[in-house]
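In: could you look at this predicted model? Sequence included:
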Amino acid sequence: MDLILTGRTLQAGEAERFGIVNYLAPPGGALEVALDLARQISALPQEALRNDRLSAVEQWSLDRDAAIANELERGRQTMAAIDVATAAARFAAGLGRRGEPI
């Protein structure tokens, strides 16, 4: 609320603590941090990423029950598009955590 009322400037660390930014980069390092994140995201299953994004975007025009149903349908579409057994086995073996590709 104080940001809305005061319009004060935030330092980077405070913006991160507030959840306004997700990552901090050292001075001159923003491109390297952005490219690293892009590599991590591009290594993940694209069908899952697309459906997660669509679900997040589509929820805004839906009531709670419809948004939950939509999320379930998007999840089903993802499961139909990937080799679930292989992905589950790889996850059980320790892959796919902390943004690592399965």
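Out: Ah, there it is. Numbers count the residues shown, from 1 in each chain.

In: which is the next helix or strand following the longest helix along the chain?
Out: Of all the segments of type helix in the chain, defined by DSSP state H, the longest one is helix 64-81. Next along the chain after helix 64-81, taking DSSP states H and E as the criterion, comes helix 84-92.

In: next, the angle helix 64-81 makes with that next one.
Out: Helix 84-92 and helix 64-81 are oriented at 100 degrees to each other (axes from the mean of the first three to the mean of the last three Cα atoms, to 10 degrees).

In: tell me the helices and strands packed up against helix 84-92.
Out: Secondary-structure packing of helix 84-92 (3 or more Cβ pairs under 8 Å, 6 or more residues apart in numbering; DSSP states H and E): no helix or strand packs against it. No exception for glycine: its C-beta is placed from N, CA and C like everyone else's.

In: for the record, mean pLDDT for stretch 46-60?
Out: In this model, stretch 46-60 has an average pLDDT of 92.

In: let's have the chain start at 583 instead
Out: I'll keep to 583 as the first residue from here, and by that count the last item is stretch 628-642.

In: so what's the gap between it and the chain middle?
Out: When distances are taken as Cα atoms, centre = their mean, to the nearest Å, stretch 628-642 is centred 10 Å away from the chain's centroid.

In: which residues touch it?
Out: Under the criterion Cβ atoms under 8 Å, 6 or more residues apart in numbering, residues 623, 649, 652-653, 656-657, 659-660, 663-664 lie in contact with stretch 628-642.

In: drop anything exposed from these.
Out: 649, 652-653, 656, 660 (16 or more other Cβ atoms under 10 Å).

In: a markdown table for the residues you listed, including distance to Thr588?
Out: As requested, the buried ones among the contacts of stretch 628-642 are arranged in a markdown table below (distance: Cβ to Cβ, whole Å):
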| residue | distance to Thr588 |
| --- | --- |
| Ala649 | 34 |
| Asn652 | 38 |
| Glu653 | 37 |
| Arg656 | 40 |
| Thr660 | 43 |
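
In: mind picking the two most distant members of the residues you listed?
Out: The largest distance within the buried ones among the contacts of stretch 628-642, taken as Cβ to Cβ, falls between Ala649 and Thr660 and amounts to 16.5 Å.
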